[in-house]
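1. Okay, predicted coordinates and the sequence, questions at the end:
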Amino acid sequence: MKRLLKLEKFVDWMEPLHEIAVERTGLSDFGEDDSYRTGLRVLLEAQDAYSDLLSPMHYAPKLVHELEQRLLAEQTFKERPEVLHIEIDKPLVITGMVRTGSTALQYLVARDPNRQHLQYWLSERPQPRPPRETWESNPSYQATVKRLAHMDEQAPEAKSMHFAAADLPEECGHLMAQTFTDDYWQICSKVPHYNAWYEHCDMVPTYTQHKKLLQLIGSNEPEKPWTLKYPVHLKHLKSFLSVYPDARIIWTHRDPAAVLRSYTNMNATSRTYSCRPETIDRDDLMHEQMEVWADATERAYRVRSQHPEAQFFDLHFDDYMADPVGMVEKAYAWFGIEFSEECARELDAWNRDNPQHKHGKANHRALTLEDERIHERFARYIEASGVNTRS
């Protein structure tokens, strides 16, 4: 890693990063599709244009990790080419704006024994999902446990904002990071150059890789349908549906003002680990994300209008909080998914044992952007969704 510090520009890291990943894995095939290099280059160019990082080395471990995972995945595809013929039929996909209750919903739906979901450690280090009793002895699982424990030590307050554990469900971000097209990069640092490209880039290569990784992870249970969750899929709904045309989408809704206040404070907390303190401007971050998500919701509704309404189920935050299990049952009924007695028992048990704020309640700082201004910017979304802005 130290060799990177000798280079004048971040963009000069392109080949050395690849070299480090090759040295660490002993592998050299990053896959036939090299479009991931575009995202990586734009990201490095963004740091050359403006960098608020505490250290230029903050990026290096994450960048190398993603390149290593590409190498390891490609090697497994060669060893088990049959996994790429596994069908991903009618995945149940939870999306919507950030901070809309989608994580709680994901944790709940993941208790359905008849479906499979993406565990954190497998999202971070994709491989065929081994039997549950072997996880604790698996080096990849141990590495994720160790990393999450380190994160908890650095920022214990983060648990109240977004609780994570190696064996619990996780979003698709780690899979998408392999193509360097993911919100992570705009959360951990201010990268307007990257944002301008990423928010409107062609994400089909990203979702093509995403699908291959799901085929790999679920290859030991190919008959089980998938449940996925990631707010970012809403931003790129056109590309997502081109790769998963029969996806069943639960679109979660909440007052955009509440969303932005919660998300801004969470992102600002995240940036304290990677950015210089004087560069963290919560109001600036809130304005940035207001534009990002207002634009995203408008794009998503345009895409939705081109698909059958039966493919979407709208789930409002207030309704979910009032009856979590009941709303899952309604969503299942809408899509024609069996809600078995065993599923009901598992979901009831999880809901009972995991009340809201189980891991603490986040304390959000006051922000200057007024609710009226936010509602004005999200007027099209509010009208289309019928979201409650009065609670």
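-> Ah, there it is.

2. Quick check: the most centrally placed residue in the chain vs residue 185, distance?
-> For the chain, residue 173 is the residue whose C-alpha lies nearest the centre (C-alpha atoms, centre = their mean; 3.4 Å). Separation of residue 173 from residue 185 (C-beta to C-beta, to the nearest Å): 10 Å. For glycine as for every other residue, the C-beta is placed from the backbone atoms N, C-alpha and C.

3. One more: residue 286?
-> Counting by C-beta to C-beta - residue 286 and residue 185 are separated by 18 Å.

4. Then residue 264?
-> In terms of C-beta to C-beta, residue 264 sits 17 Å off from residue 185.

5. which regions of the protein lie under the pLDDT threshold?
-> 155-162, 356-368, 391 (pLDDT under 70).

6. now the strands for it?
-> 92-96, 116-117, 226-229, 248-253, 312-316 (DSSP state E).

7. For my notes, please list the ones you listed in JSON lines and give mean neighbour count and distance to residue 71 for each entry.
-> Shown next, in JSON lines, are the strands of the chain (neighbours: other C-beta atoms under 10 Å; distance: least, C-beta to C-beta, whole Å):
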{"stretch": "strand 92-96", "mean neighbour count": "25", "distance to residue 71": "28"}
{"stretch": "strand 116-117", "mean neighbour count": "22", "distance to residue 71": "25"}
{"stretch": "strand 226-229", "mean neighbour count": "24", "distance to residue 71": "24"}
{"stretch": "strand 248-253", "mean neighbour count": "24", "distance to residue 71": "32"}
{"stretch": "strand 312-316", "mean neighbour count": "20", "distance to residue 71": "37"}
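
8. got those strands as CSV, with distance to residue 131 columns?
-> Below are these laid out as CSV (distance: least, C-beta to C-beta, whole Å):
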stretch, distance to residue 131
strand 92-96, 24
strand 116-117, 13
strand 226-229, 19
strand 248-253, 28
strand 312-316, 33
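
9. So for residue 70, which of those strands sits nearest?
-> strand 226-229 (20.3 Å; C-beta to C-beta).

10. what separates that closest one from the chain centre, distance-wise?
-> 11 Å (C-alpha atoms, centre = their mean, to the nearest Å).

11. swap in stretch 333-349?
-> Chain-centre distance of stretch 333-349: 25 Å, with C-alpha atoms, centre = their mean.

12. End to end on it, go ahead and measure it.
-> End-to-end distance for stretch 333-349, by C-alpha to C-alpha, to the nearest Å: 20 Å.

13. So what touches that stretch?
-> With C-beta atoms under 8 Å, 6 or more residues apart in numbering as the test, stretch 333-349 has contacts from 90, 92, 108-109, 111-114, 248, 310, 313, 324-325, 328-329, 331-332.

14. Among those, name the buried ones.
-> Among these, those buried by neighbour count (16 or more other C-beta atoms under 10 Å) are 90, 92, 108-109, 111-112, 248, 313, 324-325, 328-329, 331-332.

15. Sitting in helices, which of those do you find?
-> Cross-referencing the buried ones among the contacts of stretch 333-349 against helices under DSSP state H gives 108-109, 324-325, 328-329, 331-332.

16. Max pairwise distance over those residues: which two?
-> Longest span within those, C-beta to C-beta: 324 and 332, 12.9 Å.

17. Look up the closest residue to residue 228, ignoring the ones flanking it.
-> Residue nearest to residue 228 in three dimensions, not counting chain neighbours: residue 93, with 4.9 Å by C-beta to C-beta, 6 or more residues apart in numbering.

18. swap that for residue 169, sorry
-> residue 110 (4.4 Å).

19. ok so, going back, residue 197: which of the strands of the chain is closest?
-> strand 92-96 (21.7 Å).

20. in its sheet, what does the closest one sit against?
-> Here strand 92-96 has these sheet partners by DSSP bridges: strand 226-229 (parallel), strand 248-253 (parallel).

21. In the stretch 251-391 of the chain, what residue spans correspond to helices?
-> 256-271, 282-304, 317-322, 324-335, 341-353, 371-377, 379-385 (DSSP state H, counting those that start in this stretch).

22. With respect to burial, which of those scores highest?
-> helix 256-271 (a mean of 21; mean count of other C-beta atoms under 10 Å).

23. Any idea how far that one is from the middle of the chain?
-> Distance, centroid of helix 256-271 to centroid of chain: 15 Å (C-alpha atoms, centre = their mean).

24. Which positions are bridged to the residue nearest to residue 228 in the beta structure?
-> Counting by DSSP bridges, the residues bridging with residue 93 are residue 228, residue 249.

25. Could you check how many residues crowd around the residue lying closest to residue 73 once chain neighbours are set aside?
-> Leaving out its chain neighbours, the residue that sits closest to residue 73 by C-beta to C-beta, 6+ apart is residue 126, at 5.7 Å. Neighbours of residue 126 under the rule other C-beta atoms under 10 Å: 24.

26. what's near enough to touch residue 126?
-> Taking C-beta under 8 Å, 6+ apart, we find residue 126 in contact with 69, 72-73, 175, 213, 216-217.

27. mind checking how far it is from residue 292?
-> As judged by C-beta to C-beta, residue 126 and residue 292 stand 27 Å apart.

28. and if you look at residue 176?
-> 16 Å.

29. cool, and residue 133?
-> 42 Å.

30. Check residue 301 too.
-> Distance, residue 301 to residue 292, using C-beta to C-beta: 16 Å.

31. Wait, residue 45 touches residue 192, no?
-> No - contact criterion C-beta atoms under 8 Å: residue 45 and residue 192 do not qualify, at 11.4 Å.

32. So for the two, which residue has more residues nearby?
-> A count of neighbours by other C-beta under 10 Å puts residue 45 above the other of residue 45 and residue 192, at 16 against 12.
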